[in-house]
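[1] coordinates only, sequence not included:
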């Protein structure tokens, strides 16, 4: 089940009120202790709550890093693709009559739409262009020296690295969510069981139930 940030914060706040007031109020602590919820058992609930809070913060941090990595990737990819397409257009003009270049550089191929296809196609284009001095010499007539071509290849490789970073951050964010949700389920079960016991233990003392955030019908 997908858990919203607002829903999780509500669970944490409700659990904190229930557990902390149970530990801090001697009347409540002594009464629920008669039903098995001694201070050590209540402390176990508080530790579980603190773990959930820590995992919630960690999950938020991981997703923040994922969103930043995605933004960095999209910005780099857009800029690099633009430079790559500009170079491709110039090559199509400069090497229009070179059949070998058209084939070796894939000048007339449809550009791949997928990221993996784009990466393979653009790297092959740059590598074949860089290693053929006849092609690079022809491109110099259009203001495209070897340094410019190498810079585009470098940008493509940097885009690849950013994509790997994004996938890594996405995996870490997903794991952080899984860890957090598991502990939230444990906390919910603990709170549910304890609330049922508290309602029995304090059924004649509604003011104490309300102190724990448990509404009592009048």
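    Everything's here; your move. Since we're looking at a predicted model, the values are computed, not measured.
[2] I figured residue 130 hits residue 147, correct?
    No: proximity of residue 130 to residue 147 does not meet the contact threshold set by CB atoms under 8 Å, at 10.6 Å. In short, each C-beta sits where N, CA and C put it, glycine included.
[3] More neighbours: the two, which one.
    Neighbours were tallied for residue 130 and for residue 147 using other CB atoms under 10 Å; the higher tally belongs to residue 130 (15 against 7).
[4] excluding its backbone neighbours, what's nearest that one?
    In this structure, residue 130 finds its nearest non-sequential neighbour in residue 149, 5.7 Å apart by CB to CB, 6 or more residues apart in numbering.
[5] any idea how far residue 124 is from the one you found?
    13 Å (CB to CB, to the nearest Å).
[6] mean confidence score for stretch 209-218?
    On average, the pLDDT along stretch 209-218 is 86.
[7] tell me which residues of that stretch are tucked away?
    By neighbour count with 16 or more other CB atoms under 10 Å, stretch 209-218 contains the buried residues 209, 211-212, 214.
[8] One more: stretch 162-174?
    For stretch 162-174, by 16+ other CB under 10 Å, it's 162-163, 165-166, 169-170, 172-173.
[9] In helices, which of the residues you listed fall?
    162-163, 165-166, 169-170, 172-173 (DSSP state H).
[10] mind putting the residues you listed in a markdown table, pLDDT included?
    Shown next, in a markdown table, are those (pLDDT from 0 to 100):
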| residue | pLDDT |
| --- | --- |
| 162 | 98 |
| 163 | 97 |
| 165 | 98 |
| 166 | 98 |
| 169 | 98 |
| 170 | 97 |
| 172 | 97 |
| 173 | 97 |
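[11] Out of those residues, which is nearest to residue 105?
    residue 163 (23.5 Å; CB to CB).
[12] Quick check: the nearest residue to that closest one once chain neighbours are set aside vs residue 11, distance?
    Leaving out its chain neighbours, the residue that sits closest to residue 163 by CB to CB, 6+ apart is residue 73, at 5.6 Å. In this view, residue 73 and residue 11 are 33 Å apart by CB to CB.
[13] Understood, closing this out.
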